[in-house]
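**Student:** sequence and computational prediction follow.
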Amino acid sequence: MLSTDFVTGSPNWLDVAAPDIDASAAFYTAVFGWTFQSAGPDAGGYGFFQQDNRTVAALGPLTDSGAEPAWSLYFKSPDADATARSVTQHGGTVRVAPADVMDAGRMACFTDPQGADFAIWQPVSVRGLEVTCERGALCWAELHTADDAGALAFYRAVLGWRFQEFPAPGMTYTVLSTGEGDQEDATFGGVVRAEGGEGARWLPYFGVDDTDALVAAVTGHGGSVVLPAADVPDVGRVAHLADPSGARFAVIRPAPQREA
């Protein structure tokens, strides 16, 4: 499962791009109980969401013309430049070329061949998120794509992921693992086939104590429900949501057998 013992290919950062930093900070603070800490006057509005003084996510302004508000997942790379070359070699697109973020690390942003945006983080002084798989923290990463076979081949080539298929109600669910360690212990996310013309996207899941209460908090503060809260057998109670600017995310109250 997700942890902060980051290995190559594991999710190690995430942020949300928003048209109004103050409004987005207020929304997520109200919904998750996070606090927001600016990265300083030279960071262009970028800052960190924290829970119990530990970073759980980040927030920054929209930087590309025509870009839509969205959550971005970052995966660990030991060499951002080599990963960028691999992305283009295997049919993806480099949206933001590898660049140093002060002394924190090196990052780059890509689009996979199916159209889902993602990013990588090569750590230096900042290893990544300080907490995962707790209430209010990232606990799963899910790729929605119309071409699951093509997506799996791409990410296996670029990030070395392994995968395993499991039967699920009305579908087959593909579980993703990093290339290192025991495959079950190294799981961090999944892949589902996008239906009805839905665009390819990565969707972060945050752990919650009460899915329905969280949904009520989201709608009460101007957000919206994409998929209503529902029980998934042996997984938990899940809902897909969007913040007031339209950035999508999901929440899950894990089933008891999946809790620590």
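**Tutor:** Cool, got the structure. Treat the numbers as computed from the prediction; the structure is a model and nothing was measured. Numbers count the residues shown, from 1 in each chain.

**Student:** the lowest-mean-pLDDT helix or strand in the chain: what's the following helix or strand?
**Tutor:** Scoring the helices and strands of the chain by mean pLDDT, DSSP states H and E places strand 162-168 at the bottom, with a mean of 89. Scanning forward in sequence from strand 162-168 by DSSP states H and E, the next helix or strand is strand 171-177.

**Student:** can you tell me the strand partners of the least confident helix or strand of the chain and which way each runs?
**Tutor:** With DSSP bridges as the test, strand 162-168 is paired with strand 171-177 (antiparallel).

**Student:** so for the strand it pairs with, mean pLDDT?
**Tutor:** Strand 171-177 shows a mean pLDDT of 91.

**Student:** list the contacts of the least confident helix or strand of the chain.
**Tutor:** Contact with strand 162-168 is made by 152, 156, 172-179, 183, 186, 191, 232, as judged by CB atoms under 8 Å, 6 or more residues apart in numbering. For the C-beta atoms, the positions are set from N, CA and C on the backbone; glycine is no exception.

**Student:** may I see the buried residues of it?
**Tutor:** Buried residues in strand 162-168, defined by neighbour count with 16 or more other CB atoms under 10 Å: Arg162, Phe163.

**Student:** make 77 the starting number, not 1.
**Tutor:** Will do, 77 is the new start, and the previous item becomes strand 238-244.

**Student:** tell me which residues touch the closest residue in space to Ala305 that isn't next to it in sequence, please.
**Tutor:** Leaving aside its sequence neighbours, Ala305 sits nearest to Ala315 (CB to CB, 6 or more residues apart in numbering; 4.1 Å). Applying CB under 8 Å, 6+ apart to Ala315 gives the contacts Thr287, Leu290, Val291, Val301, Leu303, Pro304, Ala305, Ala306, Ala326, Val327.

**Student:** now which of the contacts of strand 238-244 would you call buried?
**Tutor:** Among those, those that count as buried by neighbour count (16+ other CB under 10 Å) are Leu228, Arg232, Tyr249, Thr250, Val251, Leu252, Ser253, Thr254, Ala262, Val267.

**Student:** what sits against the fifth one?
**Tutor:** With contact taken as CB under 8 Å, 6+ apart, Val251 is in contact with Phe239, Gln240, Glu241, Phe242, Thr263, Gly265, Gly266.

**Student:** same question for the fourth one.
**Tutor:** Thr250 makes contact with Asp224, Leu228, Phe239, Gln240, Glu241, Phe242, Gly266, Val267, Val268, according to CB under 8 Å, 6+ apart.

**Student:** for it, give its distance to Gly116.
**Tutor:** Separation of Thr250 from Gly116 (CB to CB, to the nearest Å) stands at 41 Å.

**Student:** just the element for Tyr281, please.
**Tutor:** Residue-wise, Tyr281 maps onto strand 277-283 under DSSP H and E.

**Student:** following that strand, which helix or strand shows up next?
**Tutor:** Next in sequence after strand 277-283, counting helices and strands by DSSP H and E, comes helix 287-296.

**Student:** and what about Ala225, helix, strand or coil?
**Tutor:** Following DSSP: H, G, I helix; E, B strand; the rest coil, we place Ala225 in the helix state.

**Student:** just give me the neighbour total for it.
**Tutor:** For Ala225, the count of nearby residues is 11 (other CB atoms under 10 Å).

**Student:** check it and give its pLDDT.
**Tutor:** The model reports Ala225 with a pLDDT of 94.

**Student:** do the same with Glu335
**Tutor:** 44.

**Student:** circling back to that earlier point, distance to Pro145 for the contacts of Thr250 - can I get that in a markdown table?
**Tutor:** Listed next are the contacts of Thr250 as a markdown table, based on distance: CB to CB, whole Å:
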| residue | distance to Pro145 |
| --- | --- |
| Asp224 | 26 |
| Leu228 | 28 |
| Phe239 | 29 |
| Gln240 | 33 |
| Glu241 | 32 |
| Phe242 | 32 |
| Gly266 | 24 |
| Val267 | 23 |
| Val268 | 22 |
